[in-house]
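Novice: missing the sequence, but the structure's below:
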């Protein structure tokens, strides 16, 4: 696990398990009860601009903006929030970092913070305060936002879980009473669904969130982009096996997935074109909250499952991680830190989690107890998305190289080339190897 820190992860998991046996309101909540308070005094006349990814769930932005309004009423600090698509936030954030002008706070994805770490405000004091107060950060969050083990480049916000979303009736009609738990049966299911005329499909375009299934595909067969020393090792026998499997899987997809971006599989699923895909909870949320009786009926038929386990024999979950960064050029660093502190406190953060319907899983252990995870049993699989997250830079150290490789969609492009037949699995792996080496040699 390298920087993912297996020992720390297991110790933390054991601590949560122990707390669970005692019951809520005792051990797990003890850090909150004993924590000291912390606040930052905003600068006189402070105004903040926040750039964040746009909603896939209306309740997310509604709850977020309610918290922004509450912050302004509490502090007097005016806050402007701009929403952009995932694919648009990254280049705008990079421009801001390089020019030294733009939003004060940016909510972006994966390890974008590692693209310009020297341009970000140190928030170590804030991160440590929140960690102590709310039961600790999950290891993946620390891996992304504190890559050197010392300085926090920003705060984890959470993750949108990339889980299997499926129609129960169609899976049963294909001969499966429960969703497959291994890759062999997963392939059999996809073949059976295609034969029934109810195919599945997953994004193979440059989709920031929904192409994460390609990481699962490679990891599930033992492949990885880099080893523990950051040596690029994607051109391997394990990767070739994964790509061969992916090609078989793709043969049963609905046509058109090579150009799918993040909204496409949502639309295809809700239109009834596909029966299985990978996604956050937004598909279910949209169906459940739709005024259309047909979509409400579909919601009753929707369920969720974690990705099947492959030949490696262990779960290999890849989810879309969200970060919160304060740009060093901000004229109002105290106000910016106070904003993030305010938004992460339970009085604001838990209502936001619930407003989003489970679309974002928490980065702090305390929020495992949020009512959003028990109010609907179909939400529960998404709860541990950050807890079980394997960073996209696995198995190496996160930094500029891992961030650049992820932003360049090297793994999804490799999978798409092999799956479509535009390149052989070996050719696709060789090209990915060369592309990745350009980043890791810097």
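Specialist: Great, that's in hand. Owing to the predicted nature of the structure, the values given are computational and were not obtained by experimental measurement.
Novice: Which parts of the protein are strands?
Specialist: Along the chain, the segments classed as strands by DSSP state E run 47-53, 78-84, 105-109, 155-160, 163-167, 276-279, 302-305, 320-326.
Novice: could I get those as a markdown table with mean pLDDT?
Specialist: Formatted as a markdown table, the strands of the chain follow (pLDDT from 0 to 100):
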| stretch | mean pLDDT |
| --- | --- |
| strand 47-53 | 97 |
| strand 78-84 | 96 |
| strand 105-109 | 96 |
| strand 155-160 | 97 |
| strand 163-167 | 98 |
| strand 276-279 | 98 |
| strand 302-305 | 98 |
| strand 320-326 | 97 |
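Novice: Dump those into a markdown table; add distance to residue 65 and mean neighbour count as well.
Specialist: In this view, the C-beta of every residue, glycine as well, is placed from N, C-alpha and C. As requested, the strands of the chain are exported to a markdown table (distance: least, Cβ to Cβ, whole Å; neighbours: other Cβ atoms under 10 Å):
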| stretch | distance to residue 65 | mean neighbour count |
| --- | --- | --- |
| strand 47-53 | 10 | 21 |
| strand 78-84 | 7 | 16 |
| strand 105-109 | 13 | 25 |
| strand 155-160 | 15 | 29 |
| strand 163-167 | 27 | 23 |
| strand 276-279 | 24 | 25 |
| strand 302-305 | 27 | 19 |
| strand 320-326 | 16 | 26 |
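Novice: Of those strands, give the one that comes closest to residue 118.
Specialist: strand 320-326 (12.2 Å; Cβ to Cβ).
Novice: how big is the angle separating that closest one from strand 155-160?
Specialist: 160 degrees (axes from the mean of the first three to the mean of the last three Cα atoms, to 10 degrees).
Novice: How far off centre is strand 320-326?
Specialist: On the basis of Cα atoms, centre = their mean, to the nearest Å, strand 320-326 sits 10 Å off its chain's mean C-alpha point.
Novice: Number the residues from 775 up from this point.
Specialist: Yep, numbering from 775; the last one is strand 1094-1100 now.
Novice: Parallel or antiparallel, which strands does that strand pair with?
Specialist: Take DSSP bridges as the rule and strand 1094-1100 pairs in its sheet with strand 879-883 (antiparallel), strand 929-934 (antiparallel).
Novice: For residue 889, see how far away the residue nearest to residue 1166 when sequence neighbours are not counted is.
Specialist: In space, residue 1166 comes closest to residue 1180 once its chain neighbours are excluded; the distance is 4.6 Å by Cβ to Cβ, 6 or more residues apart in numbering. From residue 1180 across to residue 889, the span is 10 Å (Cβ to Cβ, to the nearest Å).
Novice: Then residue 823?
Specialist: Applying Cβ to Cβ to residue 823 and residue 889 gives a distance of 20 Å.
Novice: and if you look at residue 873?
Specialist: 14 Å.
Novice: So between those two, which is more surrounded?
Specialist: residue 889 (22 against 10; other Cβ atoms under 10 Å).
Novice: Can you tell me the closest non-neighbouring residue to that one?
Specialist: In space, residue 889 is closest to residue 1177, 4.7 Å off (Cβ to Cβ, 6+ apart).
Novice: does the one you found really touch residue 885, like I thought?
Specialist: Yes: counting by Cβ atoms under 8 Å, residue 1177 touches residue 885, with 4.5 Å between them.
Novice: higher neighbour count, those two?
Specialist: Comparing residue 1177 with residue 885 by other Cβ under 10 Å, the one with more neighbours is residue 885, at 27 against 24.
Novice: you'd agree the more buried one is up against residue 1178?
Specialist: No: contact criterion Cβ under 8 Å: residue 885 and residue 1178 do not qualify, at 9.6 Å.
Novice: What is the burial count for the residue nearest to residue 1099 when sequence neighbours are not counted?
Specialist: Excluding its sequence neighbours, the residue lying closest to residue 1099 (Cβ to Cβ, 6+ apart) is residue 928, at 3.9 Å. Look at residue 928: counted by other Cβ under 10 Å, it has 27 neighbours.
Novice: Contact partners for residue 928?
Specialist: Residue 928 makes contacts with 887, 894, 897, 919, 1097, 1098, 1099, 1100, as judged by Cβ atoms under 8 Å, 6 or more residues apart in numbering.
Novice: Residue 1194: which of those is nearest?
Specialist: Distance to residue 1194 across the contacts of residue 928 (Cβ to Cβ) is lowest for residue 1097, with 32.1 Å.
Novice: Now the closest residue to the closest one other than its chain neighbours: phi and psi?
Specialist: Sequence neighbours aside, residue 928 is the residue nearest to residue 1097 in space, at 5.1 Å (criterion: Cβ to Cβ, 6+ apart). Backbone torsions for residue 928, taken as degrees, to the nearest 10, come to phi 180, psi -170.
Novice: Surely residue 996 and residue 1012 touch.
Specialist: Yes: between residue 996 and residue 1012 there is a contact at 3.7 Å, judged by Cβ under 8 Å.
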